[in-house]
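Enquirer: Predicted coordinates and the sequence they were generated for:
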Amino acid sequence: MKTILLTHVDLDGGISWFVLDYFNVHYDKVLMCDYNRFEDEKEYNTLLEYDLIIMTDYSVSAEIVEKLLDAGKQVKILDHHQNENADLLKQIKNDKFEFYFDDTKAGCMLAYEYYKPKNVRVKKSFYQLVELANTYDLFKKTDPLWEEALNLNRVFYGCFSWGEEDVIEKTKFIREYWQNKLVKYNEWFWTDFELKKINNAIEKETKQFNESKMCLKKYTDDKGIRFGVTVAKSKVSLVALKLLEQNEDIKYIAMINTYSGQWDKISLRSRDEKEFDCNSFEQCKGHSCASGGEVDPQFASKLYKGVQNLTYKKDVLNG
């Protein structure tokens, strides 16, 4: 059966992919995806070339799933992002559709549980790798594993071949490095090579934090909630966390991600989902304390200048 794997474009998505490889799950092509990618007709038509579409740590819209099912495709989704689309996906009843969902676990942990054969023992180091990615993606900042989870993300992105367009080539080095590491060792630890990557990442984080701190603006949104907005080219999540720690007067922060060279992406972060839900806005999807989305650069500019706010969902604004 011709199969395509769609996984999220972050650490959790990367380790979900790693899990499928570890358990020898077949696929013919893999894509690391951001939300709304398959709203584009050309991108959607790519999916029609396959019989089975597997998604890990990632979901397309319920409407697209219905279209794929109508086209005779088999769709399997392993995801943990709780939002309106997840509610719609839960309502689809079709023998060719499977939705494996749990918002208390990251996508990689769901993939581990789903694909691990019964009564098969795995190496401790492999489970530790999945556990660290799970800790990072759920932003378990009080967890004893949190610092090591941060380091996993640092190594993961520090080993990307950023000049490569193809996702397999871009991630080839770190995937092969960790595969060899798991073969050799039973316990997870940081090699000298990885420690250098971690230290380099911390230096870049410090530099980016100082730059983002200098251009931090504070405004009040349409519900009277104080928030911050700033700009960052890299290390967005960690910079946002540090800024939230140092600015207790704001409930959330909008990071304008300029990695592409344009102000075309917003990453939203809050300290805690009980304090502020980052899924409250039309422009952002993801977790309760970490979400994001693509925006028009003019909108991002207006947001930064304080002349336009993020758009609350109607039920949130009126709730």
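Expert: Great, that's in hand.
Enquirer: Quick one: distance of stretch 11-24 to the chain centre.
Expert: Distance of stretch 11-24 from the chain centroid (CA atoms, centre = their mean, to the nearest Å) equals 14 Å.
Enquirer: tell me which residues of it are tucked away?
Expert: 11, 12, 13, 14, 15, 16, 17, 18, 19, 20, 22, 23 (16 or more other CB atoms under 10 Å). Using the backbone N, CA and C atoms, a C-beta is placed for each residue, glycine as well.
Enquirer: repeat for stretch 267-279
Expert: 267, 268, 269, 270, 271, 276, 277, 278, 279.
Enquirer: Which residue is the nearest non-sequential neighbour of the second one?
Expert: Counting by CB to CB, 6 or more residues apart in numbering, residue 278 is the residue found nearest to residue 268 once chain neighbours are left out, at 4.4 Å.
Enquirer: for the one you found, helix, strand, or coil?
Expert: coil (DSSP: H, G, I helix; E, B strand; the rest coil).
Enquirer: Okay, and which of the buried residues of stretch 11-24 map to helices?
Expert: 11, 12, 13, 14, 15, 16, 17, 18, 19, 20, 22 (DSSP state H).
Enquirer: From residue 74, how far off is the fifth one?
Expert: To residue 74, residue 15 is 24 Å away according to CB to CB, to the nearest Å.
Enquirer: Let me see the mean pLDDT of the longest helix along the chain.
Expert: Secondary structure of the chain per DSSP H: the longest helix is helix 192-214. Averaged across helix 192-214, pLDDT comes to 97.
Enquirer: outside of that helix, which residues touch it?
Expert: 151, 154-155, 157-159, 190, 230-235, 238-239, 242-243, 246, 255 (CB atoms under 8 Å, 6 or more residues apart in numbering).
Enquirer: Try it again at 6 Å.
Expert: Helix 192-214 has contacts (CB atoms under 6 Å, 6 or more residues apart in numbering) with 151, 154, 155, 158, 230, 232, 234, 235, 238, 239, 242.
Enquirer: next structured bit after that helix?
Expert: Helices and strands here follow DSSP states H and E; after helix 192-214, the next one along the chain is strand 217-220.
Enquirer: now for that following strand, which elements pack on it?
Expert: strand 226-232 (3 or more CB pairs under 6 Å, 6 or more residues apart in numbering; DSSP states H and E).
Enquirer: Go through the strand it packs on and flag the buried ones.
Expert: Under the neighbour-count criterion of 16+ other CB under 10 Å, strand 226-232 has 227, 228, 229, 230, 231, 232 buried.
Enquirer: Check which helices and strands the following helix or strand past that strand is in contact with.
Expert: Counting by DSSP H and E, the next helix or strand C-terminal to strand 226-232 is helix 236-246. Contacting helix 236-246 under the criterion 3+ CB pairs under 6 Å, 6+ apart are the following elements: helix 192-214, strand 252-257.
Enquirer: for the ones you listed, which one ends up most surrounded?
Expert: strand 252-257 (a mean of 25; mean count of other CB atoms under 10 Å).
Enquirer: Which parts of this structure are strands?
Expert: 3-8, 29-33, 52-56, 74-79, 97-101, 217-220, 226-232, 252-257, 265-270, 285-286, 290-294 (DSSP state E).
Enquirer: Let's have those strands in a markdown table, adding distance to residue 117 and mean pLDDT.
Expert: Below are those laid out as a markdown table (distance: least, CB to CB, whole Å; pLDDT from 0 to 100):
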| stretch | distance to residue 117 | mean pLDDT |
| --- | --- | --- |
| strand 3-8 | 18 | 97 |
| strand 29-33 | 21 | 96 |
| strand 52-56 | 17 | 98 |
| strand 74-79 | 16 | 98 |
| strand 97-101 | 16 | 98 |
| strand 217-220 | 52 | 98 |
| strand 226-232 | 42 | 97 |
| strand 252-257 | 39 | 96 |
| strand 265-270 | 37 | 94 |
| strand 285-286 | 31 | 82 |
| strand 290-294 | 32 | 88 |
